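K.L.:
requesting a structural model of the entry that follows:
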Amino acid sequence: MQRIPVNPWSWSLKLGYNQAEILEQSRRQLVCAGQTAVDAEGNPQHPEDMRNQITLALDNLEAVLNAADMGFANITRLGIYTTDVDEAMKHFDLFGSRFGPVAATPPMTLLGVTRLAIPGLMFEIEACAAD
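P.N.:
Numbers count the residues shown, from 1 in each chain. Take a look at the predicted model:
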């Protein structure tokens, strides 16, 4: 797959994402459900701890990607939902630590929401990926 960044402005690059990407020569596409801070049985983890919720949500997303023989470099779009945008933004270094080493800057949207499906969860991330 070839990825061609589309950035009529450069400000989003400082935040770690492209405004858009053209994908050429893709073989497979993966659409992931929202991943949160739950254990293997679906039990919420890390109440009131945004940093650890983001870490576990990213771990769970990575597990889904790995099950499809993909990784963070394959992500073509992210949708992020949080009950506290300001608190989530404090921990976006976690994204840099996962996406930076693979030079991935997928387009993304961050939305503040009243609550997520499971009480106590503060962060959810969904992704599309391709190879």
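
K.L.:
helix or strand next in line after the lengthiest helix in the chain, which one?
P.N.:
With secondary structure taken from DSSP state H, the chain has its longest helix at helix 50-67. Scanning forward in sequence from helix 50-67 by DSSP states H and E, the next helix or strand is strand 75-82.

K.L.:
and the next helix or strand after that next one, what does it pack onto?
P.N.:
Next helix or strand after strand 75-82 toward the C-terminus (DSSP H and E): helix 85-89. Using 3 or more CB pairs under 8 Å, 6 or more residues apart in numbering; DSSP states H and E, the elements in contact with helix 85-89 are helix 50-67, strand 108-112. The C-beta positions use only the backbone N, C-alpha and C, and glycine is treated the same way.

K.L.:
try it again with 6 Å
P.N.:
If you count contacts as 3 or more CB pairs under 6 Å, 6 or more residues apart in numbering; DSSP states H and E, helix 85-89 packs onto no helix or strand.

K.L.:
hmm, who's touching it?
P.N.:
M50, T82, G112 (CB atoms under 6 Å, 6 or more residues apart in numbering).

K.L.:
equivalent analysis for stretch 19-36, please.
P.N.:
Outside stretch 19-36, the residues touching it (CB under 6 Å, 6+ apart) are 1-7, 12, 57, 60-61, 64, 68, 107, 121, 124-131.
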